[in-house]
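Enquirer: Starting from these lines, generate the structure:
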Amino acid sequence: MLTSAVQGVYLVAAVLFVLSLAGLSKQETARRGNALGMAGMGLALAATVVLAVDRSERDPLVTMLLIALVLVVGISVGTWRARSVEMTQMPEMIAVLHSFVGLAAVLVGYNSFLTEAPDALHLVEVFLGVLIGAVTFTGSVVAFLKLSARMKSAPLMLPGRNWLNLGAL
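Expert: Predicted coordinates:
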């Protein structure tokens, strides 16, 4: 029952994320779009915490304290970086933060591969999640390096790159 409720909240959060992106497309509706995105993320985060506390093998209080500790660390580092970064460095910061999203997708997929019973659908889902996360991670790292002028902006053209990409896939 709780899992169904959490999935319902995730669905509402996903709709809010889509509405957020639509709102961010125009300057007149950007504030509303930002608010919808924050509401969606708040709902998704709250649902995940409730599910984690319910399913935890530890004492629920210990689980809540660990989650609170991680949130405090994340909020502290995020606030410090947000206040100390120059506006001209925002694209670089976004690229670095986006790389963490890709890395998180890779780690979550790998953890799911190690802990869940393997079936064909699950393995395809894990493969796609890890692949997309890895491409996101590496692309964001390259974007950061290029934006911060630590890497040349010219594209790297490998001979036979299409065959290399096909082989990697």
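Enquirer: what element comes up after the longest helix anywhere in the chain heading to the C-terminus?
Expert: Among the segments of the chain that qualify as a helix by DSSP state H, the longest is helix 120-147. The helix or strand immediately downstream of helix 120-147 is helix 161-168, counting by DSSP states H and E.
Enquirer: where's the longest helix of the chain relative to the chain centroid, distance-wise?
Expert: The chain centroid and the centroid of helix 120-147 are separated by 11 Å, computed with CA atoms, centre = their mean, to the nearest Å.
Enquirer: now that helix against helix 161-168, angle please.
Expert: For helix 120-147 against helix 161-168, the angle by axes from the mean of the first three to the mean of the last three CA atoms, to 10 degrees is 140 degrees.
Enquirer: Show me what helix 120-147 is packed up against.
Expert: The elements that helix 120-147 packs onto, with contact taken as 3 or more CB pairs under 8 Å, 6 or more residues apart in numbering; DSSP states H and E, are helix 90-115. Heads up, the C-betas are built off the backbone N, CA and C, glycines and all.
Enquirer: hmm, back to that, ok, and for the longest helix of the chain, which residues are buried?
Expert: Of all the residues in helix 120-147, those buried under the rule 16 or more other CB atoms under 10 Å are 126, 129-130, 133-134, 136-137, 140-141, 143-144, 146-147.
Enquirer: now stretch 63-75
Expert: The neighbour-count check on stretch 63-75 (16+ other CB under 10 Å) flags T63, I67 as buried.
Enquirer: for stretch 5-16, same thing?
Expert: Buried residues in stretch 5-16, counted by 16+ other CB under 10 Å: V6, V9, Y10, A13, L16.
Enquirer: now swap in stretch 44-51 and tell me
Expert: Of the residues in stretch 44-51, those buried under the neighbour-count criterion (16+ other CB under 10 Å) are A44, A47, L51.
Enquirer: With secondary structure as added columns, please give the residues you listed in a markdown table.
Expert: Listed next are those as a markdown table, based on DSSP: H, G, I helix; E, B strand; the rest coil:
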| residue | secondary structure |
| --- | --- |
| A44 | helix |
| A47 | helix |
| L51 | helix |
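Enquirer: Now the residue sitting nearest the centre point of the chain. Nearest residue, chain neighbours left out?
Expert: For the chain, the residue lying nearest the average C-alpha position, counting by CA atoms, centre = their mean, turns out to be V101 (3.3 Å). With sequence-adjacent residues excluded and distances taken as CB to CB, 6 or more residues apart in numbering, V101 is closest to T136, at 6.4 Å.
Enquirer: any idea how far that neighbour lies from V96?
Expert: 12 Å (CB to CB, to the nearest Å).
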